[in-house]
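Student: my questions concern the predicted model and sequence given below.
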Amino acid sequence: MTADAATTSIITLAAQHYGKAAADLAPTADIFDGLGIDSFAALDLLSRLEEHFKIEIPDWELQGVTTFAGLGDVVARRVR
């Protein structure tokens, strides 16, 4: 899976879960601001993504990740 494909999937899933329009969420948008979520909701999103992609993402890989594209890069590295 490419990073772009992962990013698109993440945006679609996040938008559906948090009641946002996917078209309003750019890959370079901040995840927290774009979705209007806090760190607890972000953990919920992460759990959903791990389940959806059937992967496990270690905490250290998420340090400094703030955008959908950054999260897409992490997911793409984990999906095989």
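Tutor: Sure, I can see it. Residues are numbered from 1 along each chain as shown.

Student: any idea how far Tyr18 lies from Glu56?
Tutor: When Cβ to Cβ, to the nearest Å is the yardstick, Tyr18 and Glu56 sit 23 Å from each other. In this view, the C-beta of every residue, glycine as well, is placed from N, C-alpha and C.

Student: the more surrounded of the two?
Tutor: Each of Tyr18 and Glu56 has its neighbours counted (other Cβ atoms under 10 Å); Tyr18 has more, 15 against 8.

Student: so the more buried one touches Gly34, yeah?
Tutor: No - under the criterion of Cβ atoms under 8 Å, Tyr18 makes no contact with Gly34, lying 9.1 Å away.

Student: can you give me the buried ones in the helix or strand harbouring Ala41?
Tutor: The secondary structure element spanning Ala41 is helix 39-53 (assigned by DSSP states H and E). Buried residues in helix 39-53, defined by neighbour count with 16 or more other Cβ atoms under 10 Å: Ala42, Leu45, Leu49, Phe53.
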